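1. let me see the structure of the following:
(2 chains)
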Amino acid sequence: MAEKVVVRFAPSPTGTLHIGGLRTALFNWLWARKNHGTFILRIEDTDRERFVEGAVENIISALEWYGLDIDQGPIYQSERTELYRKYADQLVASGHAYYSFETPEKLEELRTIQRLQHVPIKFDALREGITNEVAAQRVAKGERHVVRLRIPRDGTTSFTDQIYGQISVDNAEIDDQILLKSDGFPTYHLANVVDDHDMGVTHVIRAAEWLPSTPKHVYLYQAFGWRPPVFAHVPLILGPDKSKLSKRHGAAAALEYRNQGFVPEAVTNFIALLGWNPKDDTEVFSRQELISRFDLNKINKAGAVFNIEKLEWLNGSYLRSLPIDVVYEYAKPFLGTYVDQPTITDALELARERMRRLTELPDAISFFYDETLVYESELLIPKKETREQTLYALESVLGMLSDFPADRYSVDELKKACEDHIARNELTNKLALWPLRVAVTGRAASPGVFEVMAVLGKGRVEQRVSDAITRLKSL
RNA sequence: GCCGCCUUCGUCUAGUCUGGCCCAGGACGCCAGGUUCUCAUCCUGGUAACACCGGUUCAAAUCCGGUAGGCGGUACCA
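-> Okay, the predicted model is just below:
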């Protein structure tokens, strides 16, 4: 019996959830669901300076909108400071960490010197200047201090990443990382390791930017005598300029895609494919298929540029294939005053056939409900046809329509009636149907004429057709 | 600067471990054609890539070495 899978998504509340974070969350969630494991949301709010009001709420509502339900949390690191303090002290006691008293200003000075000397920037020399006893006394007296990790000067630290393979770093390259800040809060490195262990996290799935600091974390696990989790670093999502996707690349906020008319199914499908693929040619996945086919071993290493074109294509595909009532729910915010129209789902059914984003919606359905249509009368005349012919065709069709019963206004019945009428009167589809469609929609491009008529109903159709006839006559 | 990672069509990618089936496959986009009352959908076809140099081999996108480029990290940020 394998150990139960526990994963966590651990964002810091420093702003809105971005698309990169969303993908990290998605991968964690998929792994949890696939393995019937637990998905924890942990808020890494140990930096009080950078905390942004409302960020946690934004993260939670984004996860919710994208259907990534959390099993545990949110758990706030800021409420667990005693735990980190306890473990930091334990590390000092075991000789794996030490107290340090340098001010940030002093450190900056040292950093500058090392930069000029072209050597790795490290502060491990600080551990030499002071004995444990003296340090402990100064701490006891309440002097401001930090706790630093004592990394050995020789040897290497290595680990096997599920995605990147074996990573080894010489300990000499690793700095004596600060674990506990002088304000009593832990840094990411300590809090992360302590919490992952404390919460029984089995798989750490996080962005590749963490790869360079993972050896520190591995060393921490060793220092504590804990078994490290499986690490799986996922490649970064890039902007068009190939740098890490961020606000300056435009709409990178996860919930912004909702405002831009995308449906969550499309966005999650799309970002799942950024850096992962099922090794066959499948492109469109249901949530269930995504769960069963997702595999950490199939994630690749290179960063992936986020290109909106393919997202739009996918979104259009979902708009067409999702159940209409689901689409209606997503569409509501974009429907404006049309939202309560009795025929709205019929109109939506036609509109979704030619949409990529829900933002196109008001414009795509307005002609169904406008009292008067605004268009150039010339539009009624098909290419290479005359005004007279068009007028004749429309009047002829209107005559047929007047005798056509309102209770038979369905696409099939209308189509049959019109086609019969065209055949009997030696008209052509182009000559009869184009003006008819323009008459009822006022558009050069629109859904099919029979579909539109079935939604509009007898009264409005005939009124619009006779309006068109009047227009033609006055041309 | 130092350390690490990465490198196949414009973009997302398959193929690389286990060299030959790859003069490199799929998808988006774009172009052309078909269907058609228009648009969209749909269908058909086309466009376009193994970063570079050298080595190993009968044979290299695949193995080895180097170069270049990109990205990430280098905080009392996460």
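2. helix, strand or coil: sort out A:Arg33 for me.
-> Classification of A:Arg33 using DSSP: H, G, I helix; E, B strand; the rest coil returns helix.
3. surely it and A:Ser292 touch.
-> No. Using Cβ atoms under 8 Å as the test, A:Arg33 is too far from A:Ser292 to be in contact (9.2 Å). No exception for glycine: its C-beta is placed from N, CA and C like everyone else's.
4. between the two, which is the more surrounded one?
-> The residue with more neighbours, out of A:Arg33 and A:Ser292, is A:Arg33; 21 against 14, by other Cβ atoms under 10 Å.
5. quick check: closest non-adjacent residue to the more buried one.
-> A:Ile291 (4.8 Å; Cβ to Cβ, 6 or more residues apart in numbering).
6. all strands for chain A, in order.
-> Along chain A, counting by DSSP state E, strands occupy A:6-9, A:38-43, A:72-76, A:97-100, A:146-149, A:156-161, A:165-170, A:178-180, A:203-207, A:230-234, A:237-238, A:304-305.
7. just say which of these is most tucked in.
-> Highest mean neighbour count of the strands of chain A: strand A:6-9, a mean of 26 (counted as mean count of other Cβ atoms under 10 Å).
8. do stretch A:7-16 and RNA strand B meet at all?
-> Yes. With Cβ under 7 Å from any atom of the strand as the measure, stretch A:7-16 is seen reaching RNA strand B through A:Ala10, A:Pro11, A:Ser12, A:Thr14.
9. could you tell me which of those residues count as buried?
-> By neighbour count, with 16 or more other Cβ atoms under 10 Å, these hold A:Ala10, A:Pro11, A:Ser12 as buried.
10. pLDDT for the residues you listed - can I get that in JSON lines?
-> Shown next, in JSON lines, are those (pLDDT from 0 to 100):
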{"residue": "A:Ala10", "pLDDT": "97"}
{"residue": "A:Pro11", "pLDDT": "97"}
{"residue": "A:Ser12", "pLDDT": "95"}
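11. so which of those comes closest to A:Ala444?
-> A:Ala444 lies nearest to A:Pro11 out of these, by Cβ to Cβ, at 47.5 Å.
12. what residues are up against A:Asp420?
-> Contact analysis of A:Asp420 by Cβ atoms under 8 Å, 6 or more residues apart in numbering lists nothing.
13. rewinding a little: would you turn the strands of chain A into TSV with mean pLDDT?
-> As requested, those are exported to TSV (pLDDT from 0 to 100):
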stretch	mean pLDDT
strand A:6-9	98
strand A:38-43	98
strand A:72-76	94
strand A:97-100	92
strand A:146-149	94
strand A:156-161	92
strand A:165-170	89
strand A:178-180	95
strand A:203-207	97
strand A:230-234	96
strand A:237-238	94
strand A:304-305	95
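14. next, format these as CSV and append distance to A:Val440.
-> CSV is the format used below for the strands of chain A (distance: least, Cβ to Cβ, whole Å):
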stretch, distance to A:Val440
strand A:6-9, 51
strand A:38-43, 51
strand A:72-76, 53
strand A:97-100, 77
strand A:146-149, 74
strand A:156-161, 61
strand A:165-170, 63
strand A:178-180, 71
strand A:203-207, 53
strand A:230-234, 51
strand A:237-238, 45
strand A:304-305, 44
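15. which parts of the stretch 101-250 of chain A sit against RNA strand B?
-> Taking Cβ under 7 Å from any atom of the strand, the part of the stretch 101-250 of chain A that reaches RNA strand B is made up of A:102-104, A:107, A:111, A:115, A:118-121, A:123, A:144, A:146, A:164-165, A:167-169, A:173, A:175, A:178, A:181-183, A:185, A:187-188, A:208-213, A:235-236, A:238, A:241-244.
16. for A:Asp176, see how far away the residue in the stretch 51-200 of chain A that RNA strand B sits nearest to is.
-> Ranking the residues of the stretch 51-200 of chain A by distance to RNA strand B (Cβ to the nearest atom of the strand) places A:His118 first, at 2.8 Å. Relative to A:Asp176, A:His118 is positioned 20 Å away (Cβ to Cβ, to the nearest Å).
17. which of those two has more neighbours?
-> Between A:His118 and A:Asp176, counting by other Cβ under 10 Å, A:Asp176 is the more crowded of the two (19 against 6).
18. contacts only, for that one.
-> Applying Cβ under 8 Å, 6+ apart to A:Asp176 gives the contacts A:Lys122, A:Phe123, A:Asp124, A:Leu126, A:Arg127, A:Arg148, A:Leu149, A:Arg150, A:Ile151.
19. may I have the phi/psi pair for A:Ile70?
-> Main-chain torsions, A:Ile70, degrees, to the nearest 10: phi -100, psi 140.
20. wait, it touches A:Leu41, no?
-> Yes. Using Cβ under 8 Å, A:Ile70 and A:Leu41 qualify as a contacting pair, with a distance of 4.4 Å.
21. which residues are common contacts for those two?
-> Common contact partners of A:Ile70 and A:Leu41 (Cβ under 8 Å, 6+ apart): A:Phe9, A:Leu63.
22. tell me how many other residues surround the residue nearest to A:Arg33.
-> Around A:Ile291 there are 16 other residues, counting by other Cβ under 10 Å.
23. quick check: the residue of the stretch 51-200 of chain A closest to RNA strand B vs A:Glu44, distance?
-> 34 Å.
24. again, but for A:Glu376
-> For A:Glu376, the distance to A:Glu44 - Cβ to Cβ - is 60 Å.
25. neighbour-wise, which of those two wins?
-> The neighbour count for A:Glu376 versus A:Glu44, taken as other Cβ under 10 Å, is higher for A:Glu44 (20 against 10).
26. could you give the mean pLDDT of stretch A:429-440?
-> Averaging pLDDT along stretch A:429-440 gives 96.
27. send me it as PDB with only the CA atoms.
-> Below are the C-alpha coordinates for stretch A:429-440, written out as PDB (Å, rounded to 0.1, in the frame of the first residue of the first chain):
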ATOM      1  CA  ASN A 429     -30.900  30.200 -53.000                       C
ATOM      2  CA  LYS A 430     -28.600  33.100 -53.400                       C
ATOM      3  CA  LEU A 431     -31.300  35.400 -54.800                       C
ATOM      4  CA  ALA A 432     -33.900  34.500 -52.200                       C
ATOM      5  CA  LEU A 433     -32.000  33.500 -49.100                       C
ATOM      6  CA  TRP A 434     -29.300  36.300 -49.000                       C
ATOM      7  CA  PRO A 435     -31.800  39.100 -48.900                       C
ATOM      8  CA  LEU A 436     -34.000  37.200 -46.600                       C
ATOM      9  CA  ARG A 437     -31.200  36.700 -44.200                       C
ATOM     10  CA  VAL A 438     -30.000  40.300 -44.400                       C
ATOM     11  CA  ALA A 439     -33.700  41.400 -43.900                       C
ATOM     12  CA  VAL A 440     -34.000  39.500 -40.600                       C
END
